[in-house]
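Chemist: Quick one, what's the 3D model for this:
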Amino acid sequence: MRILLVSQMYPGPSAPDLGTFVADLERALAARGHELERAVVDRRGGRGRYLELARELARAARRFRPDVVYAHFLVPTGLLAALETRAPLVVTAHGQDVENARVHAAVRAATRLTARRADAVVAVSNWLRRRLEEAVPEARGKTSVVDCGVDLERFAPRDRAAARAEVGWHPPGTGFLCVGSLIERKNVLRLARAFERHGEGSLVFLGDGPLRGALAARPGIRLEAAVGHDAVPAWLAAADVVCQPSLAEPFGLATLEALACARTVVATCVGGPAEFVTPEAGVLVDPEDDDALVEALARAAARPRPNLAAREAALPHALEVQAGRIEEVLARAAGRRRR
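Modeler: As a prediction, the model looks like this:
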């Protein structure tokens, strides 16, 4: 197939970690023999970037003449693809785009237009599919669930001692790691308090955000700046337990990547992680229950290191498997329009 990939997030020179999951899936589809062209935003911020994307999208559609357009995010990317192209359209919802549609009437109207025009919609979890279909009736009956997938070669079990030497982290006792933005939704302050009550080991926050100051100078807690996606596997391998107790997580890619590295996880029960974190692989927790989070840290710290059950839980979500499922959705959309 000739696939025109459209995304408002894509790695670029100034933002190499932006939308890496989109680029990974693009490579996997290309490896399956498809020809891809792209129209993407590969930087953070910047006035007029969506106007530029619309122009690039229109040019690419005329030049490339795709069999199917594959857009990531419902609005604005999916909307632009709906308005600027005539080819069959598949749109993946990732999370914030659905929440925006649920909260803002204007965004909901735009999302309904996108879903109406789309030949198929993809949600990255069943939890997200349900929330989308509640807010956008046009998505009902045409939404499949396919997650982003994980590169099992890049995210794989490796020697913990070597990884700790590489990243320069030698925790006394259990090494807890949290990967992601330091924002309210990621629940980082509650995690910090739970770790302090747990009273053992070391906790690293790998990321930046407005709550950084509130986490600074806490005993046993270390703050590391956000790193490129290629550096994340070493940090995961250096950890014993990876903590993602977000208030809500539409999918939870960092959690899945930790599982692939054979690391036990503490993950939120609100959102996608409940669909792939098995009881042997980690501990699901109510993100607003302080006592439950303290208990979850203790239970996770007692799991095997490495935790091979975690790796086993990640296998069905291999990038190649998910690319095959996306390929089927795209092929059905393209074939339906031809008929």
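
Chemist: got the residue ranges for the helices in the protein?
Modeler: Remark: helices assigned in the chain by DSSP state H are 20-31, 49-64, 79-84, 96-103, 105-117, 126-135, 160-167, 188-198, 212-215, 232-238, 253-260, 290-301, 308-314, 319-338.

Chemist: Which strands or helices does the shortest one pack on?
Modeler: Packed against helix 212-215, as judged by 3 or more CB pairs under 8 Å, 6 or more residues apart in numbering; DSSP states H and E, are the following elements: helix 188-198, strand 221-224. Where you see a C-beta, it was placed from the backbone N, CA and C, and this is true even at glycine.

Chemist: Quick one: mean pLDDT over the longest one.
Modeler: This points to helix 188-198. Model confidence over helix 188-198 averages 98 on the pLDDT scale.

Chemist: now swap in stretch 271-284 and tell me
Modeler: 98.

Chemist: swap in stretch 241-249?
Modeler: For stretch 241-249, the mean pLDDT works out to 98.

Chemist: which parts of the helix or strand of the chain with the lowest mean pLDDT are buried?
Modeler: For the chain, the helix or strand with the lowest mean confidence is helix 319-338, at a mean of 91 (criterion: mean pLDDT, DSSP states H and E). The neighbour-count criterion (16 or more other CB atoms under 10 Å) identifies L319, V321, Q322, A323, I326, E327, V329, L330, R332, A333, A334 as the buried residues of helix 319-338.

Chemist: hmm, back to that, most tightly packed of the helices of the chain?
Modeler: Among those, ranked by average contacts under mean count of other CB atoms under 10 Å, first place goes to helix 253-260 (a mean of 28).

Chemist: CA-only coordinates of it in CSV, if you can.
Modeler: The C-alpha coordinates for helix 253-260 follow below in CSV (Å, rounded to 0.1, in the frame of the first residue of the first chain):
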residue,chain,number,x,y,z
LEU,A,253,4.0,3.1,26.9
ALA,A,254,6.7,3.7,29.5
THR,A,255,5.0,0.9,31.6
LEU,A,256,5.1,-1.5,28.7
GLU,A,257,8.7,-0.7,27.9
ALA,A,258,9.6,-1.4,31.5
LEU,A,259,7.9,-4.8,31.3
ALA,A,260,9.8,-5.6,28.1
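
Chemist: that older thread, nearest to K142, out of the helices of the chain?
Modeler: Minimum separation from K142 across the helices of the chain (CB to CB) falls at helix 105-117, 7.5 Å.

Chemist: in the chain, which segments are predicted with low confidence?
Modeler: Within the chain, the ranges that satisfy pLDDT under 70 run 337-339.

Chemist: does E37 have beta-bridge partners, and which?
Modeler: On DSSP bridges, the residues paired with E37 through beta bridges are L4.

Chemist: and it, how many neighbours?
Modeler: As a burial measure, the neighbour count of E37 was computed by other CB atoms under 10 Å and equals 16.

Chemist: I'd say it and L4 touch.
Modeler: Yes - A contact is recorded between E37 and L4 when judged using CB atoms under 8 Å, the distance being 5.3 Å.

Chemist: shared neighbours of the two, anything?
Modeler: Taking CB atoms under 8 Å, 6 or more residues apart in numbering as the contact criterion, the residues that touch both E37 and L4 are A60, F64, P66.

Chemist: May I have the distance across stretch 298-308, first residue to last?
Modeler: Using CA to CA, to the nearest Å, the end-to-end distance of stretch 298-308 comes to 19 Å.

Chemist: Tell me the buried residues in stretch 201-211?
Modeler: Applying a neighbour-count criterion of 16+ other CB under 10 Å, the buried positions in stretch 201-211 are G201, S202, L203, V204, F205, L206, G207, G209, L211.

Chemist: my guess is the fourth one contacts E224, does it?
Modeler: Yes - with contact defined as CB under 8 Å, V204 reaches E224; the gap is 5.8 Å.

Chemist: Determine the residues that are contacts of both of the two.
Modeler: With contacts taken as CB under 8 Å, 6+ apart, the residues that reach both V204 and E224 are W235.

Chemist: that older thread, list of residues touching the least confident helix or strand of the chain?
Modeler: 1, 3, 24-25, 28-29, 31-32, 34, 67-68, 70, 87-90, 119-120, 122, 144, 146-152.

Chemist: Report the inter-axis angle for that helix versus helix 253-260.
Modeler: Here helix 319-338 runs at an angle of 130 degrees relative to helix 253-260 (axes from the mean of the first three to the mean of the last three CA atoms, to 10 degrees).

Chemist: show me what contacts the nearest residue to F155 once chain neighbours are set aside?
Modeler: Ranked by CB to CB, 6 or more residues apart in numbering and with sequence neighbours excluded, the top spatial neighbour of F155 is A260, at 3.9 Å. Shown in contact with A260 (CB under 8 Å, 6+ apart): V150, D151, L152, F155, A156, A310, R311, A314.

Chemist: closest to G46 among those residues?
Modeler: Of all those, D151 has the smallest distance to G46: 28.8 Å, by CB to CB.

Chemist: ok, that closest one - contacts?
Modeler: Under the criterion of CB under 8 Å, 6+ apart, the contact list for D151 reads D24, A260, L319.

Chemist: swap the cut-off to 7 Å and go again
Modeler: Residues counted as contacts of D151 (CB atoms under 7 Å, 6 or more residues apart in numbering) are D24, L319.

Chemist: if I pick the most centrally placed residue in the chain, what's in contact with it?
Modeler: Taking CA atoms, centre = their mean, the centroid of the chain lies closest to L253, which sits 4.0 Å from it. With contacts defined as CB under 7 Å, 6+ apart, L253 is in contact with F21, C148.
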